[in-house]
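Chemist: Mind folding the following:
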Amino acid sequence: MSLILFAFVVRVRDGLPLSASTDFEHNRELQERKQQLRTISKTLVRFPDRGTVKGQQLNIHFISSEGVSYMTVCHCSLPVAKAFCFLEDLRWEFTACFNSTVVTLAARPYPFLEFDSTIQKLKQQYNQNGGPALEVTLAEVQEDLKIHPPQVIPLEDIELSNGTANGHMEQGPGSGQNLRLEPVTAPGILSLVLNIMCASLNVIRGVHLIEYTFQDDYEGIWNVVAFLLAFVCCVSQCHLYLFHSSLKKFKSLTLLIVIVLCNFYLLGLRNMWQLIFHISVASLSTALILSRKLQDKPNDCGV
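Modeler: Numbers count the residues shown, from 1 in each chain. You can find the predicted model right below:
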């Protein structure tokens, strides 16, 4: 039975895959561990230089050095010291073949596919012989692990990193799924168009008043402020409808109240129908913001 199933070499700063082993096992847990491994690789800057993620039958181990991370999926029966000894040997082989400049300039995924043969030989050596050829190397790694043990990373941290790496920053606590807003509806498009129209009217009137305000004795400065504040609120409503945000209900109701207050303040410069139009558009936008729910997107465990 193979104890080392998969090996992966990535660039730390952006998670660019540099090389990986070719594996022919396709059990479900291995695919899950490989997906988690790739998730870790995208946010390595958040993790320590040496870490372990424990699974049911398979564990993930990784070390990072000089801007490159060496990662592996191993059977849980493989001693931790041998797993990290494998990673140290992998690091030694990789640095002997490729210098830091070549790694830094790499622009496409898997630029060092030829290194796969070296990984395969190293895997075979560990899987068939049970460990490194030099026992002194294993002893040194064991001693180093006693002094600096690898940090055990909970699976919850991997799920959080998966959300961050995919641009879903504002997830509920403990959520293991990526959250996306439901698709934009036809009324939503209408509200966006009307909101943009209201924002344009506000900013045009506000800018137009600035000239007359500064020519007089600044009596109309608050009218300018009301127009520009209403403009900002209209734009904010558009953003709040299109993108998920924490405290959405509080923000949307606050924007609605500010728009209503600004328009009532401007009653002398707007007739009643204009006032009703602006408040109605703001109310429609608020209702659609509150009704647009999040949808769950299951994590893809395939590789």
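Chemist: so what's the residue nearest to F8 when sequence neighbours are not counted bridging to?
Modeler: Nearest residue to F8, sequence neighbours excluded (Cβ to Cβ, 6 or more residues apart in numbering): M71, at 4.3 Å. No exception for glycine: its C-beta is placed from N, CA and C like everyone else's. In this entry, M71 is beta-bridged to F8, F62, by DSSP bridges.
Chemist: I'd assumed L44 was in contact with M71.
Modeler: No. Contact criterion Cβ atoms under 8 Å: M71 and L44 do not qualify, at 9.2 Å.
Chemist: joint contacts of the two?
Modeler: Residues touching both M71 and L44 (Cβ atoms under 8 Å, 6 or more residues apart in numbering) are V10.
Chemist: List of residues touching stretch 185-197?
Modeler: Against stretch 185-197 from outside (Cβ under 8 Å, 6+ apart): 234-235, 237-238, 241-242, 281-282, 284-285, 288, 292.
Chemist: Can you flag the buried ones in these?
Modeler: Those of these that meet the buried threshold are 234-235, 237-238, 241, 281-282, 284-285, 288, 292, by 16 or more other Cβ atoms under 10 Å.
Chemist: ok, these vs N59, which is closest?
Modeler: Nearest to N59 among those is R292, at 41.2 Å by Cβ to Cβ.
Chemist: Would you agree the closest one is in contact with L181?
Modeler: Yes. Assessed by Cβ under 8 Å, R292 is found in contact with L181 at 5.8 Å.
Chemist: can you give me the strands in the stretch 51-200 of the chain?
Modeler: For the stretch 51-200 of the chain, applying DSSP state E, counting those that start in this stretch gives strands covering 58-65, 68-75, 151-152, 178-181.
Chemist: just those: most buried one?
Modeler: strand 68-75 (a mean of 24; mean count of other Cβ atoms under 10 Å).
Chemist: chain center to it: distance?
Modeler: 22 Å (Cα atoms, centre = their mean, to the nearest Å).
Chemist: Where do the helices of the chain begin and end?
Modeler: 28-42, 80-97, 100-105, 116-129, 135-147, 155-165, 186-215, 221-242, 248-265, 272-291 (DSSP state H).
Chemist: Serialize those to TSV and add fields for mean pLDDT.
Modeler: Shown next, in TSV, are the helices of the chain (pLDDT from 0 to 100):
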stretch	mean pLDDT
helix 28-42	86
helix 80-97	91
helix 100-105	90
helix 116-129	88
helix 135-147	78
helix 155-165	59
helix 186-215	85
helix 221-242	89
helix 248-265	91
helix 272-291	91
